[in-house]
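Undergrad: After the sequence you'll find the predicted model.
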Amino acid sequence: MMEVSMKRHFVEMFTDDDFDILLLIGGYGSGKSFTGFLKTAIKGTMEKRKILVVRKVYSTIKESCFEDLKDGLEIAGVLDDWKFIKSPLEATNVLNGSKIIFRGMDDWRKIKSIKNIDYIIVEEADELSLDDLKELRKRLRVVGIKKHIVFMCNPVSRSSSVYQMFFTENGFNFDEEELYEKRKLEKVEVLKLEDGTEEVIKIKIHHSTYKDNPFLPPTFIYELESEKDPRLKRIACEGKFGADGDLVLHNAVFEENVFERYVQGKIFKEDYYRGVDWGYSKSYATGLKMAVNESLNELYIYWESYNRRMTTRELVKCMEPLKEDNVKIFADSASAQTNADFKDEGFRIFPCDKSKGIEYGEQMLRSFSRIVIDKDRCPNTKKEAEECIYKKDKYGEIIPGEYNIDPHTIDTMRYGLGDRKYVPLKQRKNKSKFIGA
């Protein structure tokens with residue numbers, strides 16, 4: 001019964017042609033690539049099609065896409081209907097004239113020369129740039145036939161081209177969390193051309209995990225389920241977007257009601273911290289409330305303000321809670337005027353000390369045994385902690401202070417904790433003076 005229900009998550013995809021753009025996305029071993037190539041094999045056999053199969057690098061296609069498509073044709077029982085050549089990689093259906101062409105985006109000019117493409121399937125779509133994905137969409141120019149493009153990938157990074165195309169305001173703007181909940185999403189968009197004509201396109205997303213694939217060996221399932229690295233577990237096992245690389249905040253965890261569980265009535269006033277990173281016209285102004293349990297060596301982040309394109313007066317209103325408990329606020333020293341304006345509004349604000357450098361603050365954050373972030377009250381802090389990874393040099397070594405994103409909340413942590421000095425509990429004064437008790 002379980003096997004049947006798991007198959008049902010995919011079975012309708014083989015016959016569903018009511019889409020212009022389809023994204024098959026999920027964790028390791030979920031069956032998305034198998035489904036995509038089997039669907040393509042069936043499509044090319046039943047209809048006369050000119051199909052383009054794409055990966056970023058052409059040299060990787062023979063052992064992946066080429067073999068996967070042949071497997072799909074064999075499973076469909078139509079392999080004998082197709083004639084293959086290996087230089088260049090192509091396949092032709094001897095009965096209906098369908099043609100399958102394999103190309104890499106490492107030489108996109110060769111793709112531009114291919115005419116009359118009406119079906120495109122892209123393996124490891126996250127490897128391609130956003131410009132690559134847009135270029136592929138331009139290749140579908142055939143009039144009088146329903147055109148399709150299928151993207152397949154793991155949900156690696158929110159900085160990836162796939163995330164930018166499907167899950168941001170500049171793209172199709174699907175809701176990531178809604179996808180994890182509903183597993184299948186679709187929407188219709190109307191494109192208005194300069195001549196006044198309109199084109200309607202339907203976009204669908206299908207999410208899957210290893211639990212949707214009843215054919216995995218037990219050893220593979222065991223390896224997935226026993227993964228200890230939370231970054232890999234999120235991507236590979238849960239099929240959710242995460243960071244593909246060395247996380248800056250490798251020690252971050254995400255929980256509910258962090259203030260009530262770890263801070264209220266348990267942390268001394270001297271261990272409360274406030275930080276601010278001033279955003280500019282295109283960046284975010286970020287404020288955080290934090291507390292440190294020195295005995296456990298844990299950092300708690302339980303309130304955030306995360307806004308952009310606001311006037312100083314608007315920011316003052318958003319960050320008003322930072323005044324609570326009269327805790328010192330350490331802010332980005334690069335904006336002296338904004339710091340002065342906030343001081344005039346009654347904030348106990350000071351410019352942070354940057355003399356020790358980014359790497360010092362970075363190592364301080366990484367030295368905590370845990371950084372516990374409230375996942376409901378601090379969603380942007382959670383997102384950046386999950387996403388921020390180190391850039392690497394040509395030898396594969398991480399470069400301290402250089403990341404894949406601009407991590408406003410991580411900068412805010414560094415600024416806010418800039419004057420932290422560890423004092424043993426037995427040396428503390430006013431040990432009974434808790435804030436928020």
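TA: It's in. Numbering: from 1, shown residues only.
Undergrad: CA only for contacts and neighbour counts going forward, please
TA: Noted.
Undergrad: Which of the three states applies to residue 414?
TA: Classification of residue 414 using DSSP: H, G, I helix; E, B strand; the rest coil returns helix.
Undergrad: I'd like to know how far it sits from residue 202.
TA: Look at residue 414 and residue 202: by C-alpha to C-alpha, to the nearest Å, they are 45 Å apart.
Undergrad: what does residue 368 give?
TA: Residue 368 is 47 Å from residue 202, by C-alpha to C-alpha.
Undergrad: what do you get for residue 156?
TA: Distance, residue 156 to residue 202, by C-alpha to C-alpha: 24 Å.
Undergrad: hang on, the earlier thing: so if I had to pick from residue 368 and residue 202, which one is more boxed in?
TA: Taking neighbours as other C-alpha atoms under 10 Å, residue 368 and residue 202 compare with residue 368 leading, 20 against 15.
Undergrad: The more buried one against residue 300, yeah?
TA: No: using C-alpha atoms under 8 Å, residue 368 is not in contact with residue 300, being 10.2 Å away.
Undergrad: Could you list the low-confidence segments of the stretch 51-200 of the chain?
TA: Across the stretch 51-200 of the chain, nothing is flagged by pLDDT under 70.
Undergrad: which residues touch the helix or strand where residue 177 lies?
TA: Following DSSP states H and E, one finds residue 177 within helix 176-182. For helix 176-182, the external contacting residues (C-alpha atoms under 8 Å, 6 or more residues apart in numbering) are 167, 185, 205, 207, 240.
Undergrad: Helices along the stretch 301-437 of the chain, start to end?
TA: Under the criterion DSSP state H, counting those that start in this stretch, the stretch 301-437 of the chain contains helices at 312-318, 336-344, 358-366, 379-387, 408-416.
Undergrad: Pick the most deeply packed of those helices.
TA: By mean neighbour count, with neighbours taken as mean count of other C-alpha atoms under 10 Å, helix 408-416 ranks first of the helices of the stretch 301-437 of the chain at a mean of 25.
Undergrad: and that one, what does it pack onto?
TA: strand 272-277, strand 285-293, strand 329-331, helix 358-366, helix 379-387 (3 or more C-alpha pairs under 8 Å, 6 or more residues apart in numbering; DSSP states H and E).
Undergrad: Of all the helices of the stretch 301-437 of the chain, which one comes closest to residue 145?
TA: Across those, residue 145 has its closest neighbour in helix 379-387 (40.5 Å, C-alpha to C-alpha).
Undergrad: Dump the closest one to PDB, keeping only the CA atoms.
TA: Extracted C-alpha coordinates of helix 379-387, given in PDB (Å, rounded to 0.1, in the frame of the first residue of the first chain):
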ATOM      1  CA  PRO A 379      13.100  34.400   9.600                       C
ATOM      2  CA  ASN A 380      15.700  36.500   7.800                       C
ATOM      3  CA  THR A 381      18.400  35.700  10.300                       C
ATOM      4  CA  LYS A 382      17.500  32.000   9.900                       C
ATOM      5  CA  LYS A 383      17.600  32.300   6.100                       C
ATOM      6  CA  GLU A 384      21.100  34.000   6.000                       C
ATOM      7  CA  ALA A 385      22.500  31.500   8.600                       C
ATOM      8  CA  GLU A 386      21.300  28.600   6.400                       C
ATOM      9  CA  GLU A 387      22.600  30.200   3.200                       C
END
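Undergrad: tell me the mean pLDDT for that helix?
TA: Average pLDDT, helix 379-387: 91.
Undergrad: Stretch 216-235 too?
TA: Rounded mean pLDDT across stretch 216-235 is 86.
Undergrad: What are the contacting residues of that stretch?
TA: 27-29, 154-156, 210, 236-237, 240-244, 386.
Undergrad: Determine how far it lies from the middle of the whole chain.
TA: Chain-centre distance of stretch 216-235: 19 Å, with C-alpha atoms, centre = their mean, to the nearest Å.
Undergrad: what are the bridge partners for residue 84, then?
TA: Using DSSP bridges, the bridge partners assigned to residue 84 are residue 91.
Undergrad: my read: it touches residue 91, true?
TA: Yes: contact criterion C-alpha under 8 Å: residue 84 and residue 91 qualify, at 4.4 Å.
Undergrad: who's more crowded, the two?
TA: Comparing residue 84 with residue 91 by other C-alpha under 10 Å, the one with more neighbours is residue 91, at 21 against 16.
Undergrad: Contact partners for residue 184?
TA: By C-alpha under 8 Å, 6+ apart, residue 184 lies in contact with 204-207.
Undergrad: could you redo the last one with a cut-off of 6 Å?
TA: Contact analysis of residue 184 by C-alpha atoms under 6 Å, 6 or more residues apart in numbering lists 205-206.
Undergrad: Name whatever forms a beta bridge with it.
TA: According to DSSP bridges, beta-bridge pairing links residue 184 with residue 206.
Undergrad: Look up how far residue 141 lies from it.
TA: For residue 184, the distance to residue 141 - C-alpha to C-alpha - is 27 Å.
Undergrad: likewise residue 341?
TA: Using C-alpha to C-alpha, we find residue 341 at a distance of 56 Å from residue 141.
Undergrad: Going along the chain, name the strands of the stretch 201-350 of the chain.
TA: In the stretch 201-350 of the chain, the strands defined using DSSP state E, counting those that start in this stretch lie at 252-255, 272-277, 285-293, 298-307, 329-331, 349-351.
Undergrad: Tell me which of the helices and strands packed on helix 408-416 sits nearest to residue 399.
TA: Comparing the helices and strands packed on helix 408-416 by their distance to residue 399 (C-alpha to C-alpha), the top pick is helix 358-366, with 9.7 Å.
Undergrad: Specify the angle between that closest one and strand 298-307 in degrees.
TA: Orientation of helix 358-366 against strand 298-307 (axes from the mean of the first three to the mean of the last three C-alpha atoms, to 10 degrees) gives an angle of 120 degrees.
Undergrad: That concludes my questions; thank you for your assistance.
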